[in-house]
Every structure is written in C-alpha cells, then in structure tokens.
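>>> next comes the sequence, and after it the predicted model I'd like to discuss.
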Amino acid sequence: MIPFRKIPASTRLLAAACSALMLVSACSDESVSRVERVVEPTTIPAPSGVGENGQELTLEVIDGGDTTGLIITDHRGFAVYGVTGETPSGDPICEGDCLDVWIPVVLRDAAVSSQLDAALFSVWTRPDGIAQAVYADVPLYLWSGDSEVGITGGAGVAGTWFALTETAGFVAAK
C-alpha cells in the first residue's frame with residue numbers, strides 16, 4: 001500500500017472528485033423523494049381514558065397538530081380507522097386474516113369523549129361475534145402498524161382505509 005503523502009496531489013484531487021461524483025449519483029430521484037415523504041410522528045400526550053363521570057371511555061379525540069389534526073382515538077390515544085364501503089348493516093369487508101392487521105375496536109364502557117356526539121356512537125355485533133365500536137355508521141378498527149400515539153400510519157392503506165376525524169370525516173395520508 002502506498003502511503004497517502006507519496007500520492008501526487010493531482011491524483012488525490014482526482015480521487016476526491018470521483019468519490020464526490022459517486023455520492024451524488026447514488027442519490028437517485030427515488031431515494032430523494034422517499035426522504036421528502038417521511039413525516040415524523042407528532043408527540044402528543046395520551047388521553048386520560050376516563051370520562052367526566054369516571055366511566056372508562058371507548059373513544060376519545062386528540063389533536064395531532066399539522067400531522068393529523070383532530071382525530072378519533074381509542075382510550076390509549078391510538079388512531080381509529082374505517083374502511084370505505086363497510087357499514088354495520090352489511091357484510092364485513094374485513095374478516096379472516098384481515099383481522100390480524102386491522103383490529104376491531106371493542107368496548108370498554110359504552111362511553112365516548114364529550115368532544116364526540118354520543119348519538120353517533122353504537123355497537124355492531126359482527127357475524128364472528130365481536131362487539132365492535134361504530135361511530136357515524138363506520139365500524140372502527142385499530143391498525144397493527146401504529147406503534148405510537150399520535151400517528152396515522154394506516155391512513156390511505158390500499159386506498160380504502162382512513163383515520164377518522166372528530167366529525168367522522170376521513171383523514172387520508174399526509
């Protein structure tokens with residue numbers, strides 16, 4: 001191996017220029033756009049899980065700021081989701097293996113945050129016997145991929161799964 005100090009300066013400069021060119025060319029448009037799409041989760045405190053009368057809440061609302069806005073969550077603060085086209089009056093869209101990824105929201109007490117309209121809250125007993133929480137005629141699920149409070153990683157999955165806002169609107173991926 002030749003010691004660095006014995007390599008001519010012009011050769012060292014050429015080697016440095018080639019290294020820089022290789023680094024720049026390694027950053028394809030795809031890798032750059034992937035970095036630009038990354039959204040950091042918003043740190044938000046978990047909700048209390050308990051209502052004004054001491055009852056255990058099934059649904060709450062948290063403010064995820066610019067990342068999520070006001071969204072409906074379970075009692076721990078995890079976003080709840082609905083799938084387009086599924087209603088408690090029809091057959092479930094998510095069944096079988098789907099339930100390993102999308103977990104039906106089950107009741108604690110039949111209570112919701114005062115930020116939600118209690119008249120829009122109901123329970124659907126699915127054909128498989130699970131008593132699933134429903135809000136505004138949308139059966140609610142948790143996404144197994146969400147590992148932190150305040151993120152909506154399941155929003156937009158397959159173009160049919162969406163987080164729900166406090167007004168029961170759908171939140172697409174941001």
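Perfect, I can see it now.
>>> how far away is the residue sitting nearest the centre point of the chain from residue 63?
Geometric centre of the chain, nearest residue: residue 152, 1.9 Å, by Cα atoms, centre = their mean. Separation of residue 152 from residue 63 (Cβ to Cβ, to the nearest Å) stands at 13 Å. Backbone N, C-alpha and C define where each C-beta goes, glycine included.
>>> what of residue 164?
Per Cβ to Cβ, residue 164 is found 14 Å from residue 63.
>>> and the two? Which one has more around it.
residue 164 (25 against 14; other Cβ atoms under 10 Å).
>>> which ones are touching the more buried one?
Residues near residue 164 by Cβ atoms under 8 Å, 6 or more residues apart in numbering: 71-72, 80-82, 135-136, 138, 140, 170-171.
>>> ok, so of those residues, who is nearest residue 115?
residue 72 (9.1 Å; Cβ to Cβ).
>>> element containing the closest one?
Per DSSP states H and E: residue 72 is located in strand 70-74.
>>> low-scoring stretches of this protein, by residue?
Low-confidence segments of the chain, defined by pLDDT under 70: 1-46, 67, 172-174.
>>> quick one: the strands in it?
59-63, 70-74, 81-83, 102-104, 121-125, 131-135, 138-139, 141-143, 161-164, 170-171 (DSSP state E).
>>> can you add distance to residue 90 and give those back as JSON lines?
Shown next, in JSON lines, are the strands of the chain (distance: least, Cβ to Cβ, whole Å):
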{"stretch": "strand 59-63", "distance to residue 90": "22"}
{"stretch": "strand 70-74", "distance to residue 90": "21"}
{"stretch": "strand 81-83", "distance to residue 90": "12"}
{"stretch": "strand 102-104", "distance to residue 90": "15"}
{"stretch": "strand 121-125", "distance to residue 90": "10"}
{"stretch": "strand 131-135", "distance to residue 90": "12"}
{"stretch": "strand 138-139", "distance to residue 90": "10"}
{"stretch": "strand 141-143", "distance to residue 90": "16"}
{"stretch": "strand 161-164", "distance to residue 90": "17"}
{"stretch": "strand 170-171", "distance to residue 90": "18"}
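>>> nearest to residue 110, of those strands?
Smallest distance to residue 110 across the strands of the chain (Cβ to Cβ): 6.9 Å, for strand 121-125.
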